[in-house]
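K.L.:
dropping a prediction and its sequence here:
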Amino acid sequence: MIQVTVDRIGLDQNSDQAVVLLGDLTRTTFVPIWIRALEATSIALPLQGIKPPRPMTADLVINIAEELGAEIVMAMIKELKNETFYACLVLSKGQETIDIDCRPSDAIAIALRKEAPIYVDEKVMAEAGIAAEDSEVQ
């Protein structure tokens, strides 16, 4: 697994699409993941230090996990199939580790709120990654 951070989020004003750009810690490789504008907002809020007055879905998931005695350990972008990214949240409860399947945008939004690390599988990075020198991302 390769640890990444959210490098930036871009919005397309003409559609309901956005892109979240995950960069490895050396900023040499980036993975773009296309998401809807609403999910982009959920990711952008913790990056900007904004806490909404009422819980959003990511906040709800965190509240449920904590009420059940689990901790958010990390988010993992683990697979790319047919141009669709698959992710999971890794939780811990006592000695038990729990992987929960979810959309990458949800995993990222939750990880950011909990300041948990985000990882991308090496195969996904190799398939979807864009080298910084080969892109306009710099």
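P.N.:
Nice, thanks for sending it over.

K.L.:
tell me, how many residues neighbour the closest residue to residue 4 other than its chain neighbours?
P.N.:
The spatially closest residue to residue 4, leaving aside those adjacent along the chain, is residue 22, at 4.1 Å (Cβ to Cβ, 6 or more residues apart in numbering). Placement of C-beta: from N, CA and C, glycine included. If you count neighbours by other Cβ atoms under 10 Å, residue 22 ends up with 27.

K.L.:
so for the helix or strand hosting residue 22, what gets flagged as buried?
P.N.:
Following DSSP states H and E, one finds residue 22 within strand 17-24. When neighbours are counted by 16 or more other Cβ atoms under 10 Å, the buried residues of strand 17-24 are found to be 18, 20-24.

K.L.:
what comes into contact with stretch 31-51?
P.N.:
Residues from elsewhere that reach stretch 31-51, judged by Cβ atoms under 8 Å, 6 or more residues apart in numbering: 4, 6, 9, 11, 16-23, 52, 56-58, 77, 85, 103-106, 108-109, 112-113, 120, 124-125, 128-130.

K.L.:
now, which of those residues lie within strands?
P.N.:
With strands identified by DSSP state E, the entries of these that belong to them are 4, 6, 9, 11, 17-23, 77, 85, 120, 130.

K.L.:
those: which two are farthest apart?
P.N.:
The most widely separated members of these are 11 and 120, with 22.1 Å between them, by Cβ to Cβ.

K.L.:
circling back: lowest pLDDT pick from the ones in strands among the contacts of stretch 31-51?
P.N.:
For the ones in strands among the contacts of stretch 31-51, the least confidently modelled position is residue 11, at 82, judged by pLDDT.
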